[in-house]
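Engineer: here are the coordinates; sequence isn't available:
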Ligand SMILES: Cc1cc2nc3c(=O)[nH]c(=O)nc-3n(C[C@H](O)[C@H](O)[C@H](O)COP(=O)(O)OP(=O)(O)OC[C@H]3O[C@@H](n4cnc5c(N)ncnc54)[C@H](O)[C@@H]3O)c2cc1C
Ligand SMILES: NC(=O)c1ccc[n+]([C@@H]2O[C@H](COP(=O)([O-])OP(=O)(O)OC[C@H]3O[C@@H](n4cnc5c(N)ncnc54)[C@H](O)[C@@H]3O)[C@@H](O)[C@H]2O)c1
C-alpha cells in the first residue's frame, strides 16, 4: 500500500455494489474499509430482493394449489401478520452475516455516514479516513411524487413492515415494485388499484407477455387505471384519496408510491471533491472511474444503461476487485444481465427479446413455445405462459424471454448459452437432470 494513506480502498456504502468485491480485495492483501450508515448489506437483503421474495413465497404456492384443486382439496389463506414475521425472521440475521464475512476477510467496517472531503479523504463523524482509491456505492432511494399530499403516501420499505394489510391499496406507477407488490397484496386479499403513468407497464419487457400478466391480475381483481395523471393525495373521512385525471378520485386505506428510485448523490461531498453526476447518478467511464482519477463508483448509484439490479451491482463490484488487484486492466465488459419480475406468473428475460429484433427477421430466428404444450408444466397443470427464444443465423441463442410460474429458473438455466455463445455441439455437451426445469428449457434450444 502507498504509505501516505490509511487504506488502499475505501467503499462508501455497504450493499452488493461494495461488499461482493471488498471482501475478495481485502482477502487478496489490500487494506480495505467499508463505510455504511444503515444496515450492512444495503437494500437487497434488508428491504429489497430477499425481503420481497419471502413475502412472495406463498403466492405461487397458492396458485399451484388452486390449479390442482381437483387433487389438493381445501381452501388455503395467507396469514399476513405471520408472513411479515416470517420475512423478518429470514432477513434478521443477514446484516450480521455480511458484517462477519467482511470482517473475516480483513475488511475494516466503519458504521456512520461518510462524506468526501477530497479525492482521497472521507469523513465520518469528524473522523477522517484516507485511501488511494474511493468507491462510491451509495445506491438509490424511493422517489416521492411531487404532488400535494405526497407525505400521505408510503414506499416499498413501509409496505414490507405493515403489521396488518390495508383493505384498499392504491399503487402509483406500473414498474417492478408496483406489479410485484400488487400481486402480493391482491393474493392476501386487498382491493388493489394501480395508477399507471401511461398505458404501458414494465416497458423494458416484451409487451405481449406483460399484457397477459396484467390481464391475469385483472381477472384476480386488480384494477388498472391507464394514463391516470395523479394530481394529489388528501385525507378523507374513511381513508385517503387519490385525485387523478379530470376531477376523478379514488378513496383507499393506504397509498404506495412506486414511481421509481433515485440516486443517493446528495450530501456526499461530490461537489466538494469535484465528482460529476446527473440526476440519474454518478458519471463513470469504462473502468467505472469518475472524472476524478482516484474515485470510482459501483452499483445502482451509477448513471448507466445496464439494469439497476443486484446481479449488475455484484458484477461491477467484482470487476473493481479484479481491476484493483491487477487481475485486469481492461474496461468492464458486461454480460447479458437477466431480470425477472416476480409476479405470478413471473416475466423473465435475458439478452435480446423479440421487441429488439423483430424489425430484422432475416438475421434472427424466433422460436415461440406455449407452456401448455410442455408436458413438464402439466404436472402442476399450468396453462398460462409462453416463451420466445431468439437465435442468430448460426443458431446461437442470443436471448430468451418467458412468462410462466418458473420463468426465472427457465431463463437462469439458459444463461450460459447466451453469455458464452454456445454452438450446437457445446449445447449437447450438457446432460441435464431429467425431469427438471433445465431439461424442459434446454430441450427447446438444442
Ligand atoms: C423493493 C425492492 C425489491 C428489489 N428486488 C430485486 C430483485 O428481486 N432482484 C434484483 O436483482 N434486484 C432487486 N432490487 C434492486 C436491488 O436491491 C439493488 O439493485 C441493489 O441492492 C443495489 O445494490 P447497491 O450496493 O448498489 O445499493 P444499496 O444496496 O442500496 O446500498 C447502498 C448503501 O449505501 C449506504 N449509504 C448511502 N449513503 C451513504 C453514506 N454517505 N455513507 C455511508 N453509507 C451510505 C446505504 O445505507 C445503503 O446501505 C430490489 C429493490 C427494491 C427496492
Ligand atoms: N424483481 C426485481 O429485480 C426488482 C424488483 C423491485 C425493484 N427492482 C429495482 O428497483 C427499481 C425501482 O423499482 P420501481 O418499480 O420503483 O421503478 P420502475 O422504474 O420499475 O417503475 C417506476 C414506475 O413509475 C411510473 N412513474 C414514473 N413517474 C410517474 C408519475 N409521475 N406518475 C405515475 N407513475 C409514474 C413509471 O411509468 C413506472 O411504471 C427498479 O427499476 C429495479 O431496478 C427490481
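Structural biologist: Cool, got the structure. Model, not experiment: these values are computed from the prediction. Numbers count the residues shown, from 1 in each chain. Ligands and ions are numbered 1, 2, ... in the order given.
Engineer: just how off-centre is the helix or strand harbouring residue 440 within its chain?
Structural biologist: Element membership of residue 440, judged by DSSP states H and E, is helix 437-443. Helix 437-443 has its C-alpha centroid displaced from the chain centroid by 25 Å (Cα atoms, centre = their mean, to the nearest Å).
Engineer: What helices and strands are in contact with it?
Structural biologist: Contacts defined by 3 or more Cβ pairs under 8 Å, 6 or more residues apart in numbering; DSSP states H and E place helix 437-443 against helix 407-419. (Each C-beta comes from the backbone N, C-alpha and C, glycine too.)
Engineer: Give me the contacts around the helix it packs on.
Structural biologist: 335-336, 338, 340, 342, 345-351, 385, 387, 396-402, 404, 422, 427, 432, 437-438, 440-442, 445 (Cβ atoms under 8 Å, 6 or more residues apart in numbering).
Engineer: and the stretch 101-250 of the chain, which residues reach ligand 2?
Structural biologist: Counting by Cβ under 6 Å from any ligand atom, the positions of the stretch 101-250 of the chain adjacent to ligand 2 are 145, 172-178, 180, 197, 230.
Engineer: Show me which of the residues you listed are buried.
Structural biologist: Listed as buried from these are 145, 172-178, 180, 197, 230; burial here means 16 or more other Cβ atoms under 10 Å.
Engineer: tell me the angle the helix or strand containing residue 215 makes with helix 407-419.
Structural biologist: Assigned by DSSP H and E, residue 215 belongs to helix 207-219. What separates the directions of helix 207-219 and helix 407-419 is an angle of 170 degrees, with axes from the mean of the first three to the mean of the last three Cα atoms, to 10 degrees.
Engineer: Buried ones in helix 207-219, by neighbour count?
Structural biologist: Those would be 209-210, 212-214, 216-217, for helix 207-219 by 16+ other Cβ under 10 Å.
Engineer: Can you tell me the closest non-neighbouring residue to residue 5?
Structural biologist: Computed as Cβ to Cβ, 6 or more residues apart in numbering, the closest residue to residue 5 that is not its neighbour in sequence is residue 130, at 4.5 Å.
Engineer: Return the residues in contact with the one you found.
Structural biologist: 4-7, 120-122.
Engineer: now residue 229
Structural biologist: Per Cβ under 8 Å, 6+ apart, neighbours of residue 229: 244-245.
Engineer: now it: how far from residue 378?
Structural biologist: Distance from residue 229 to residue 378, counting by Cβ to Cβ, to the nearest Å: 44 Å.
Engineer: Same check on residue 219?
Structural biologist: The value you get for residue 219 to residue 378, if Cβ to Cβ is used, is 21 Å.
Engineer: any chance you could map the strands in the stretch 201-350 of the chain?
Structural biologist: Under the criterion DSSP state E, counting those that start in this stretch, the stretch 201-350 of the chain contains strands at 223-225, 230-236, 239-244, 248-252, 254-257, 261-263, 277-278, 281-282, 295-297, 339-341, 346-351.
Engineer: Can you pull the phi/psi pair for residue 298?
Structural biologist: phi -150, psi 150 (degrees, to the nearest 10).
Engineer: ok, it to ligand 2 distance?
Structural biologist: Residue 298 is 15 Å from ligand 2, where distance means Cβ to the nearest ligand atom, to the nearest Å.
Engineer: which residues does the residue in the stretch 1-150 of the chain that ligand 2 sits nearest to contact?
Structural biologist: Residue of the stretch 1-150 of the chain nearest ligand 2, by Cβ to the nearest ligand atom: residue 145 (5.5 Å). Counting by Cβ under 8 Å, 6+ apart, residue 145 touches 153, 172, 230, 257, 259.
Engineer: Excluding chain neighbours, what is closest to the fourth one?
Structural biologist: When you say that, I think you mean residue 257. Using Cβ to Cβ, 6+ apart, the nearest residue to residue 257 is residue 153, at 4.0 Å.
Engineer: got it, and the third one?
Structural biologist: The shortest distance from residue 230 to any residue other than its chain neighbours is 4.8 Å, reached at residue 244 (Cβ to Cβ, 6+ apart).
Engineer: Give me the neighbour count for the one you found.
Structural biologist: Applying other Cβ atoms under 10 Å, we find 21 residues neighbouring residue 244.
Engineer: who does it bridge with?
Structural biologist: As for beta bridges, residue 244 partners with residue 230, residue 248 under DSSP bridges.
Engineer: Residue 102 touches residue 27, doesn't it?
Structural biologist: No. Here residue 102 does not reach residue 27: they are 10.0 Å apart, not a contact under Cβ atoms under 8 Å.
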